[in-house]
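In: with the input below, show me the fold.
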Amino acid sequence: MGATLSGCAGQGGSSFQQGAGSNAAPVSDPIDDEIARVEAREKALSPAYLQRRRQAIAEMLENNPGFGAALRVPLTGPLIAGPKVMRVRTWTSLISSTITVRTVYCVKALLDSPLELYALGSAYVEVEPGDQGTERLHGGVFRGNFGTDRGPLACYKAAYAPFPELEQVRAQKRQALGKTS
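Out: Numbering: from 1, shown residues only. Down below sits the predicted model:
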């Protein structure tokens, strides 16, 4: 993705100088164009559609072992950040990769159980567009304690907001199992 420019800045000035008479138009990055297109598509989505997407994320994480799905422990203060449009690098081999543009959500919650060694669950969820307007959600869960949160780098400094959908889905599953708060 990046390029390394090396040179020596000494008495001769900059090691790279663009010609003063250059009339070359700035080259547009196709990934930047794709980011703008996806951001426009995300802004055009209805609030009801975004609510269904949030509900689908909550149900996906509810069934994930990283969020305490096996014990169905209560969740404290689940938070969500997103949608955020960003570049995602997928490694196809050890030396080559592809860059795609994805909509990303970040989720975190505290698992309220003395049995949980790593009480903080963090998730990174990608929205992958499919055929005929469908979407596929996939991502990963990270576990850590407060102060040692090993959350995904893409979620660093994300603007989190309350995520009541995850709390509601967990409460329904706990109630179906006969567990109380």
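
In: pull the residues that contact stretch 156-170.
Out: 54-55, 57-59, 61-62, 72, 74-75, 77-82, 84, 106-109 (C-beta atoms under 8 Å, 6 or more residues apart in numbering). C-beta: built from backbone N, CA, C; applies to glycine.

In: buried among those? Need that as a selection in PyMOL.
Out: Selection command for PyMOL covering only the buried members of those, criterion 16 or more other C-beta atoms under 10 Å:
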select buried, resi 54+57+58+61+62+72+74+75+78+79+80+81+82+84+106+107+108+109
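
In: sitting in strands, which of the contacts of stretch 156-170 do you find?
Out: Using DSSP state E to define strands, the subset of the contacts of stretch 156-170 located there is Leu75, Gly77, Pro78, Leu79, Ile80, Ala81, Gly82, Lys84, Cys106, Val107, Lys108, Ala109.

In: spatially nearest residue to the fifth one, not counting backbone neighbours?
Out: Put plainly, it is Ile80. Using C-beta to C-beta, 6 or more residues apart in numbering and skipping residues adjacent in sequence, the residue nearest Ile80 is Phe163, 3.9 Å away.

In: distance between the ends of stretch 86-102?
Out: Stretch 86-102 has an end-to-end distance of 6 Å (criterion: C-alpha to C-alpha, to the nearest Å).

In: with that, I have no additional questions.
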